[in-house]
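> Pasting the sequence and the predicted coordinates here, then a few questions.
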Amino acid sequence: MDCDRAKRAALGRLSACLVVAATGWISVARATQANLVCARPSALSEAEKQQRKLDNYTEKSPDPGKTCSRCTFFTAGAQATACGKCALFNGPANPQGHCDDWAPRAG
């Protein structure tokens, strides 16, 4: 009987640990998507940095209706939450980003 009780207690602790771990992984995945950074300054040339500065590019649009993903110059990445590419600065762009040259996608 004591052996069965010990097994149940161990299984209960293991189950609790698995639930906590799964919850943590889900939280990290959501945070990663929400904090997607596509334009890492260290990976950009000086010309790319200058163009982004001139266009006032931001990784997060202040207007949810005017994001890179809704811009005519944006080409989406493999997934909707992945970095895409901007034809204006010829480099990575956040689908949730924005710049002053934003133009609505036709259609």
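Okay, I see it.

> And this protein, what are its domain boundaries?
Per the record, the chain has its domains at 1-35, 38-107, by automatic domain parsing.

> okay, the ones you listed in CSV with mean pLDDT next?
Converted to CSV, the domains of the chain look like this (pLDDT from 0 to 100):
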stretch, mean pLDDT
domain 1-35, 55
domain 38-107, 92
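
> would you turn the ones you listed into JSON lines with mean neighbour count?
The way it works is simple: take the backbone N, C-alpha and C, and place the C-beta from them, glycine included. Shown next, in JSON lines, are these (neighbours: other C-beta atoms under 10 Å):
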{"stretch": "domain 1-35", "mean neighbour count": "10"}
{"stretch": "domain 38-107", "mean neighbour count": "15"}
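
> All the strands of this structure, in order from the start?
Taking DSSP state E to define them, one finds strands in the chain at 74-75, 84-86, 91-93.

> Direction included, what does the first one pair up with?
To tie it back to what came earlier, the one meant is strand 74-75. Here strand 74-75 is paired, per DSSP bridges, with strand 84-86 (antiparallel).
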